[in-house]
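Peer 1: Okay, here's the prediction I keep looking at, along with the sequence it came from:
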Amino acid sequence: MRVETVETAIVEVPLPTPIGTAIHAIRSVGCLVVTVRTADGVSGQSHLFTINGDRLSSFDEMVRGLADSFVVGRDPRYSEGIWHDVWAAINPTGHAGVTVAALSTLDMACWDAVGRALDTPLYQLFGACRDRVDVYASSGLWLSASIDELKSEAAAFAEAGFRAMKIRVGSPDSAIDEARVAAVRQVIGNDVKLLADVNQGLRPAEAIRLGRRLDAYNLQWLEEPVATYDRAGHARVRHAIATPIASGETEYTRFGCREMLDAGAVDVFMPDLQRIGGFSEFRKAAALCAANNVGVSSHFFTELSLTMAGSIAACDLVEHVDWFAPLYNESMEMVDGQLVIPERPGTGFTYNVEP
């Protein structure tokens, strides 16, 4: 099996309503769909994205350049060799950002091709541990929403069958955030899990003040309480409040994961497939977390993350984001508050956009 071509397609997916977090204003996601085609007629696909499509052409150029140098003409079953060849080559450019996003996307497309060539779901090829996984709703409860909107969205998520959901916090006044969390908790009761995400919007002292206010609401976790690079600040918040701390979506590869673990910064590590290094590196980071008795919960990329959740015991919770549903021919299936990991070959999902 040999890769003949790697093709890309740029697609903008508008959000139904613009949203805001403590540090983002989001109206759309610009996606780069990558297709690896082999001489055997097998294709593998994946994608990356940028908020509002910012600088997406730079990602496209990086994917194409790395594909021409390291993927075309290679056997996708040698994904580990491809990964390390790219890793060595990007050393002068940097092991984060655009370079790793391109590497991640190519890695996932190659793995998808392998699964399809073998007519086997990737999660089973990696070694399955489950065929359903817990999920939390994350396509609402934004910081830009009013309390009435929060109540309505929370009720809708519960009605749709979600048994967990995430609210965004990080207001200048922690009392405002407490009121927002209290309103949602009142709507969903205590049987539905509630998570909160600061989106890196606070300094450590502010995050501690907020965390102590929110400890009473039995949150599953407080996510990214401070800037992602402030690992000491994460640890400071973690030791000051009762609520567990989740973070790591902006960490790159197993090395970023190791630094966060060494700092004692998190109770739950949240790899993002685009930043962590694709399926190959996600698994290595998850192994580090397992060795340190730290939980794993994937960030975004819900459809593709099901492959990881189905094959990594520590990855027992995924984030449900519906932004990318228009890209796919298939839909996710939720049963009793859990997502079903598809039995279809590869990742189980194909894209409805053509290069």
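Peer 2: Here it is on my side, so go on.

Peer 1: helices or strands up against the lengthiest helix in the chain?
Peer 2: Taking DSSP state H as the criterion, the chain has its longest helix at helix 98-117. The criterion is 3 or more Cβ pairs under 8 Å, 6 or more residues apart in numbering; DSSP states H and E, and the helices and strands that helix 98-117 contacts are strand 3-20, strand 25-38, strand 43-51, helix 56-70, helix 79-89, helix 122-126, helix 273-276, helix 278-291. Glycine gets a C-beta too; all of them are placed from N, C-alpha and C.

Peer 1: Send me it as CSV with only the CA atoms.
Peer 2: Listed next in CSV are the C-alpha coordinates belonging to helix 98-117 (Å, rounded to 0.1, in the frame of the first residue of the first chain):
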residue,chain,number,x,y,z
VAL,A,98,1.1,25.1,12.4
THR,A,99,3.7,22.4,12.1
VAL,A,100,2.2,20.0,14.6
ALA,A,101,-1.3,20.7,13.3
ALA,A,102,-0.3,19.6,9.9
LEU,A,103,1.6,16.5,11.3
SER,A,104,-1.5,15.6,13.4
THR,A,105,-3.9,15.8,10.5
LEU,A,106,-1.6,13.7,8.2
ASP,A,107,-1.2,11.1,10.9
MET,A,108,-4.9,10.7,11.4
ALA,A,109,-5.6,10.5,7.6
CYS,A,110,-2.9,7.8,7.3
TRP,A,111,-4.4,5.8,10.2
ASP,A,112,-7.8,6.1,8.7
ALA,A,113,-6.5,4.7,5.4
VAL,A,114,-5.0,1.7,7.3
GLY,A,115,-8.3,1.0,9.0
ARG,A,116,-10.2,1.2,5.7
ALA,A,117,-7.7,-1.0,3.9
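
Peer 1: tell me the mean pLDDT over that helix?
Peer 2: Per-residue confidence for helix 98-117 averages out to 98 on the pLDDT scale.

Peer 1: Now do that helix against strand 3-20, angle only.
Peer 2: 120 degrees (axes from the mean of the first three to the mean of the last three Cα atoms, to 10 degrees).

Peer 1: relative orientation of helix 98-117 and strand 25-38 in degrees?
Peer 2: Going by the same axes, to 10 degrees, helix 98-117 makes 50 degrees with strand 25-38.

Peer 1: Use 50 as the first number from now on
Peer 2: Understood, numbering begins at 50; the last thing we discussed is helix 147-166.

Peer 1: just to revisit the earlier point, determine which stretch of the helices and strands packed on helix 147-166 is the most buried.
Peer 2: helix 322-325 (a mean of 27; mean count of other Cβ atoms under 10 Å).

Peer 1: is it true that G210 touches L388?
Peer 2: No. G210 sits out of contact with L388 when judged by Cβ atoms under 8 Å, with a separation of 10.7 Å.

Peer 1: who has more neighbours, these two?
Peer 2: The neighbour count for G210 versus L388, taken as other Cβ atoms under 10 Å, is higher for L388 (21 against 13).

Peer 1: Having no further points to raise, I will conclude here.
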